[in-house]
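J.: Sharing a sequence plus its predicted fold:
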Amino acid sequence: VEEFLEGEEASYFVIADGRDFVPLASAQDHKAVGEGDTGPNTGGMGAYSPAPVLTPDVEAAVQSSIVAPLLEGMAAEGCPYRGVVFAGIMVCDGAPKLLEVNVRFGDPECQVLMSRLQSPLAPVLQAACRGELQGQTLQWSEDAALVVVLAAKGYPGSYRTGTPIGGLEGVGG
């Protein structure tokens with residue numbers, strides 16, 4: 001363990017073309033299985049976007065101190081990366097600390113991001129594949145998005161599969 005980090009966790013995504021990158025909107029998931037952040041951690045019991053903890057200053061710091069050095073380092077080692085970068089960060093006293101890096105869309109965060117995306121994603125992904133992201137942007141709804149995961153009793157431990165989900169008659173939408 002390098003250090004104990006006390007703060008708020010968030011997810012930051014970019015699409016990279018080996019040199020440049022296009023940021024996605026911010027998101028935050030909740031890992032505890034129980035009400036009020038109780039119980040064991042999971043892969044994510046829900047998410048929302050935008051994540052208020054990712055202020056413009058924090059986002060600029062993530063880009064300059066985490067994303068740009070990561071992509072520059074990979075290119076310098078002869079492995080320029082093209083695709084999605086998912087940085088799991090902890091915001092401690094207004095400064096981002098890197099927890100993990102994945103090269104995929106995270107779930108459930110991806111669900112809230114795609115709900116807010118107002119421009120086509122495919123042209124940006126294609127530009128990333130060609131190494132032509134410079135000047136590309138994505139448009140985001142100002143509206144917030146939220147997703148809640150329904151899980152079988154016992155999850156994330158042992159649980160039965162194939163059980164029906166009921167009681168949704170009163171849910172609107």
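T.: Ah, there it is.

J.: what sits against Ala27?
T.: Residues in contact with Ala27 (CB atoms under 8 Å, 6 or more residues apart in numbering) are Ala10, Ser11, Phe13, Ala47, Tyr48, Ser49, Pro50, Ala51, Gly106, Glu109, Val112, Leu113. Where C-beta positions appear, they are placed from N, C-alpha and C, glycine not excepted.

J.: CSV for those residues, including secondary structure, neighbour count and distance to Leu121?
T.: As requested, these are exported to CSV (DSSP: H, G, I helix; E, B strand; the rest coil; neighbours: other CB atoms under 10 Å; distance: CB to CB, whole Å):
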residue, secondary structure, neighbour count, distance to Leu121
Ala10, strand, 25, 21
Ser11, strand, 28, 17
Phe13, strand, 23, 12
Ala47, strand, 24, 18
Tyr48, strand, 19, 20
Ser49, strand, 28, 15
Pro50, coil, 20, 18
Ala51, coil, 25, 20
Gly106, coil, 20, 15
Glu109, helix, 28, 15
Val112, helix, 25, 14
Leu113, helix, 24, 10
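
J.: Rank those residues by pLDDT and give me only the lowest.
T.: Lowest pLDDT of those: Gly106, 80.

J.: Surely that one and Gln28 touch.
T.: No. Using CB atoms under 8 Å, Gly106 is not in contact with Gln28, being 10.6 Å away.

J.: Common neighbours of the two, please.
T.: Shared contacts of Gly106 and Gln28 (CB under 8 Å, 6+ apart): Ser11.

J.: ok, of the contacts of Ala27, which one's closest to Glu132?
T.: Nearest to Glu132 out of the contacts of Ala27 is Phe13 (CB to CB; 19.3 Å).

J.: ok, and the closest non-adjacent residue to that closest one?
T.: Leaving aside its sequence neighbours, Phe13 sits nearest to Leu24 (CB to CB, 6 or more residues apart in numbering; 4.0 Å).
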